[in-house]
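# Structure for the following, please:
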Amino acid sequence: LAVSPDRVPVHPDTLIIGGGVAGIETALRIAGSGHKVWLVERTATIGGHMAMFDKTFPTLDCAACILTPKMVAAGQQENIEILNFSEVQEVSGSPGDYRVRVLRRPLRVDPQACVACHACRDVCPVRVPSEFDEGIVERKAIYMAFPQAIPNSYVVDGEHCLWVQSEGKKCGACLKKCPKDAIHLEEEPHSAELTVGNIVVATGFDPFDAALIERYGYGRYPNVLTALEFERLTNASGPTGGRIVTRTRQRHKRTGKETWVFDTDAAAPRSVAIIHCVGSRDQNHNSYCSRVCCMYSLKVAHLVKEKLPDATCYQFYIDMRAFGKGYEEFFERIKDEGVYVVRGRTAQVDDSADGLVIRGEDIVHDRIREFPVDMVLLAVGLEPAAGTARLAQVLGIKPGPDGWFTELNYNSDPTGTSRGGIHVAGVCQGPKDIPDTVAQAAAVAARVLGSVISGSLRGDRDRISAEAVAAKAAELADVNPEESAWRYERTRI
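Below is the predicted model:
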C-alpha cells in the first residue's frame, strides 16, 4: 500500500491462542525476553497434535523427546500463564490495547494441590473414549490426558461425571479417595479479563473425518484406521505399549456388550495398506493438498516395517510430494526397506473372509488391481480447527476460502493479518510440517518483541481510507487524485 497505518502505543503483554508446538514456541521466545504471555488452550493440556506422534519425519526423531522439554519449560516459565480448558469469547479495544474475555471451564481439580497419584482415576466408574488416543482406548471421567501433560494434574470431564450430571449428586468416589482434598466438583465456569497488546493465533488443525468417504469403510471395518489412530497404537505410551496388533472382538466386563478393542495379545497384521490423499485434493471435500500426508505416510510405513519386518506394506498414492529437506531421500529409503508403492487412486475397501481387500488403479502398469490386507491406514488431510470461523469473527479477521486464517501477504508478510497486533503462526494459516511451523512461530515472536521493545505497532490496515491511499498514490505517481481513487476502488472490487 502507498499509505501505512499510523503507529500506536502497545501494551507489553501478549495473548497466544492455542497451545500446540506453534503456540509453545512463540510463548517461550517472548517470555524468555522477560515479557508476560497468556497461553490459552481449550483442552486439558498443552502440546497439541505433536504430543500424539511417535516419531517425526524425515529424521525419525522421537516426537516426545523434542516437544516434552518445551512443554515443561512453558509450564515452569514464570512469565507464561497457561489457561487450559479455556476459550476466547470476546475481543474488544484496538491494536496495541486489546481487551480479551476468556471463558475458563471448571477443572474441578486444584492443579496446585493435585500430586497426580492416580487414586481418583482408579475409583472412577465412568469410562469414555479418550480424545488424546483418538478414541481407540477409553479414559475415566476424571483424567490426565497423558503422563507428561502440562499442567501435570487431573481434570474432571463435567459432561460425563456422574456427580456433576446427577441432581442428587450421586457418586463422588473421587472426592472420598483424594488424599490432598484437591477435588472440587462444585466448581463453576468463570471469565478472565485480560489486557494485551498483541494476539497470536496458533489454533492448529483438525484431521479430516474419514467417515465422510464411505467407500473406504472407516467406522464399519474395525481394522480401517486413520494415520493418527495408528500413531497412538504404535506409540510406546499407547494402549498396547507400542505393539501393532489388529482389533479383536471382546466382551466388556462391566456392560457385557461385545466391542472391538486393541488387545496386546491379539495377532499382528501380516499386511498393511496406506491410502494417501483421504479428504485432500478432492473436489468433493478439500481441493487443496495438505502437504504433510505423503511424508507422514512414508513415516508410518517405516514404523510398520521397523516393528513388523515380515509384514507386507503398500503405499497407494496419487503423486509423491516430498518437498522438504531430506524428504526425497526418505522416500527412496522407504522403498529400499521393502515398501511397495502403487501409483493411482484407490477405489474402495471391502471386507472379506480373510480380512480386507483394496481395489484401485495402478497407472504405472495400466490396470485395476486388488490387494488383500489385514489393516488399512488412511492418510487423512488437515482441516481448520473446530471454531475457526467463530474465532475469526471474534478477532475481526477473515478466514480464506478454504477456512484457514488468511495472512496479510503470502510473500512479504506471511505472519501478519489485516488487524494490527494480530498474528498467525503454524498450521492455522494453512497446512505445513513441524519445521515450518516452528520457523513461523519464531518469526511471529520476533515481530511481537519488536513491537514491545519499540513501544508501538502499526494499526489496522482496514482503517485506511480509499481517499488517503488515492491521494498518496497520486502524489507518488504525479497523476490526478480523482483518477487514482477510481483505480483503487476498482482493485478493491
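# Please name the bridge partners of I275.
F316, L378 (DSSP bridges).
# do the same with V100
Counting by DSSP bridges, V100 is bridged to V91, L194.
# check contacts around it.
L15, V88, E90, V91, E193, L194, T195, V196, I199 (C-beta atoms under 8 Å, 6 or more residues apart in numbering). Any C-beta I mention is one placed from the backbone N, CA and C, and that applies to glycine too.
# quick one: pLDDT of it?
Note on V100: pLDDT of 98.
# just the buried members of the contacts of V100?
Neighbour-count burial (16 or more other C-beta atoms under 10 Å) is assigned, among those, to L15, V88, V91, L194, V196, I199.
# Show the subsequent helix or strand relative to the lengthiest helix in the chain.
Longest helix of the chain, by residue count under DSSP state H: helix 434-454. Per DSSP states H and E, the first helix or strand lying C-terminal to helix 434-454 is strand 456-458.
# distance between that following strand and the chain's centre?
Relative to its chain's centre, strand 456-458 lies at 30 Å (C-alpha atoms, centre = their mean, to the nearest Å).
# Please apply the same query to stretch 446-458.
28 Å.
# Show me which residues of it are buried.
Buried-residue list, stretch 446-458, by 16+ other C-beta under 10 Å: R447, V448, L449, S451, V452, S456, L457, R458.
# and if you look at stretch 18-38?
Within stretch 18-38, judged by 16+ other C-beta under 10 Å, the buried ones are 18-31, 35-38.
# quick one on the thing from earlier: show me what the longest helix of the chain is packed against.
helix 21-31, strand 198-201, strand 422-424 (3 or more C-beta pairs under 8 Å, 6 or more residues apart in numbering; DSSP states H and E).
# hmm, who's touching the shortest one?
The set of residues external to strand 422-424 that reach it, using C-beta under 8 Å, 6+ apart, is 95, 198-202, 395-397, 405, 407, 415-417, 444, 447-448.
# Let me see the mean pLDDT of it.
Averaging pLDDT along strand 422-424 yields 98.
# That one: which residues count as buried?
By neighbour count on 16+ other C-beta under 10 Å, the buried set for strand 422-424 is I422, H423, V424.
# So which of those is the closest to R281?
V424 (23.6 Å; C-beta to C-beta).
# So the closest one versus G459, what's the distance?
Per C-beta to C-beta, to the nearest Å, V424 is found 18 Å from G459.
# okay, how far is it across stretch 39-55, tip to tip?
Using C-alpha to C-alpha, to the nearest Å, one end of stretch 39-55 lies 26 Å from the other.
# Off-centre distance for that stretch?
That offset, for stretch 39-55, works out to 7 Å (C-alpha atoms, centre = their mean).
# Could you do stretch 24-43 as well?
17 Å.
# could you give me the average pLDDT of it?
According to the model, stretch 24-43 has a mean pLDDT of 98.
# which residues in the stretch 101-250 of the chain form strands?
For the stretch 101-250 of the chain, strands defined by DSSP state E, counting those that start in this stretch occupy the ranges 127-129, 138-140, 142-143, 155-156, 190-196, 198-201, 205-207, 224-226, 247-251.
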